[in-house]
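> got a predicted structure plus its sequence, pasted below:
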Amino acid sequence: MKWTLTVRITHWLLAIGVITNLINESGSIHRFIGYACVLLVLLRLMDGL
Ligand code: HEM
């Protein structure tokens, strides 16, 4: 397997989060998903280091 499970899961959750936030452009859900995406990126960085 080329990609690890962490990379696959964070990749698709991030893709879904970004697309959802591009469609739903304001409100508390937008903010929540946005911060969740930041955490996903940090998780990916920590996984890679
Ligand atoms: C066309 C795309 C986008 C537009 C027009 C847009 C617009 C906005 C607006 C107007 C706000 C402030 C209002 C509010 O909090 O309800 C906001 C906040 C925020 N957006 Fe977006 N957004 C877009 C895409 C994204 C994407 C792709 C992400 C991340 C994946 C994101 C993450 C956030 C976050 C974390 C906040 C909260 C910031 C804060 O309260 O300091 N946004 N966005």
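Nice, thanks for sending it over. Numbering: from 1, shown residues only.
> with adjacent residues omitted, what lies nearest to the most centrally placed residue in the chain?
Central residue of the chain (C-alpha atoms, centre = their mean): L14, 2.5 Å from the mean position. Nearest residue to L14 in three dimensions, chain neighbours excluded: L40, at 4.9 Å (C-beta to C-beta, 6 or more residues apart in numbering). Where C-beta positions appear, they are placed from N, C-alpha and C, glycine not excepted.
> ok, stretch 28-44 near the ligand or not?
Yes. Applying C-beta under 6 Å from any ligand atom, one finds stretch 28-44 touching the ligand at 30-31, 34-35, 37.
> quick revisit: list the helices and strands whichever strand or helix holds the residue nearest to the centre of the chain packs on?
Using DSSP states H and E, the element containing L14 is helix 5-23. Applying 3 or more C-beta pairs under 8 Å, 6 or more residues apart in numbering; DSSP states H and E, we find helix 5-23 packed against helix 28-48.
> please point out which parts of the helix it packs on sit buried.
In terms of neighbour count (16 or more other C-beta atoms under 10 Å), helix 28-48 has its buried residues at 33, 37, 40, 44.
> tell me who's in contact with the second one.
Think C37. When contacts are counted by C-beta atoms under 8 Å, 6 or more residues apart in numbering, C37 touches 14, 17-18, 21.
> for the ligand, give me its nearest residue in the protein.
Residue nearest to the ligand within the chain: G34 (2.4 Å; C-beta to the nearest ligand atom).
> neighbours of the nearest residue to that residue once chain neighbours are set aside, how many?
Once flanking residues are discounted, G34 sits nearest to N21: 5.8 Å by C-beta to C-beta, 6+ apart. N21 has 18 neighbours, counted by other C-beta atoms under 10 Å.
> same check on the one 5 residues further on?
For S26, the count of nearby residues is 8 (other C-beta under 10 Å).
> how about T10?
Neighbours around T10, by other C-beta under 10 Å: 19.
> so W3, which of the three states?
coil (DSSP: H, G, I helix; E, B strand; the rest coil).
> now it: how far from T10?
If you measure W3 against T10 using C-beta to C-beta, to the nearest Å, the figure is 10 Å.
> what of D47?
For D47, the distance to T10 - C-beta to C-beta - is 8 Å.
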